[in-house]
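K.L.:
what's the 3D shape of this:
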Amino acid sequence: MRDTITGRFVNSIGNRTCLNCGSDKTYLEDGKHQVWFNYKGGYICKKCRGKLIDHPKWHPIHSPRRICFKNRSISLSENPRIGICNWCCAVVGVNCKRTHIHHLEYHEGDPLKDTVELCPSCHYKESWRLRRFA
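P.N.:
This is a model prediction of the structure:
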């Protein structure tokens, strides 16, 4: 229900309601005050703000432009994946759910240099081989 004065969503008691999850509860600051954030003409709770704004999940499933490079996540300007494993020719959506970018060698100036796109199975096998026989 919308508040007639502010036009924002509130529940019947007059408390704020999260636009994302519909909850009327949020975290308490200093054990007294509720923490709400303005979002698209209403409010969201602290938990939803964390999910939507502060720390969205950036995984290749959610953002194919992200790659891991030397234990850090890098966002690229365009998607480096084509959706086919370079070793076994598995196709995303047919033989596997996604592909991984595997670095044969790391180059500080160019994170995509000497990389291959592998299905999870081939990536696991290659990672195991490198740890076992390196």
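
K.L.:
Domain map for the protein?
P.N.:
Annotated domains of the chain cover 1-56, 66-133 [automatic domain parsing].

K.L.:
rank those by pLDDT, which is bottom?
P.N.:
With a mean of 75, domain 1-56 has the lowest mean pLDDT of the domains of the chain.

K.L.:
Show me where the chain has its strands.
P.N.:
Using DSSP state E, the strands assigned to the chain run over residues 28-29, 33-34, 36-39, 42-45, 66-69, 72-75, 100-103, 115-118.

K.L.:
Deepest in the core, which of the ones you listed is it.
P.N.:
Across the strands of the chain, averaging neighbours per residue (mean count of other C-beta atoms under 10 Å) puts strand 42-45 on top, at a mean of 23. C-beta coordinates here come from the backbone N, C-alpha and C atoms, glycine included.

K.L.:
Show me what it is in contact with.
P.N.:
Residues outside strand 42-45 that contact it (C-beta atoms under 8 Å, 6 or more residues apart in numbering) are 8-9, 16-21, 23, 25-27, 35-37, 52.

K.L.:
ok, longest helix in this structure?
P.N.:
helix 120-133 (DSSP state H).

K.L.:
Which strands or helices does that helix pack on?
P.N.:
Secondary-structure packing of helix 120-133 (3 or more C-beta pairs under 8 Å, 6 or more residues apart in numbering; DSSP states H and E): strand 100-103.
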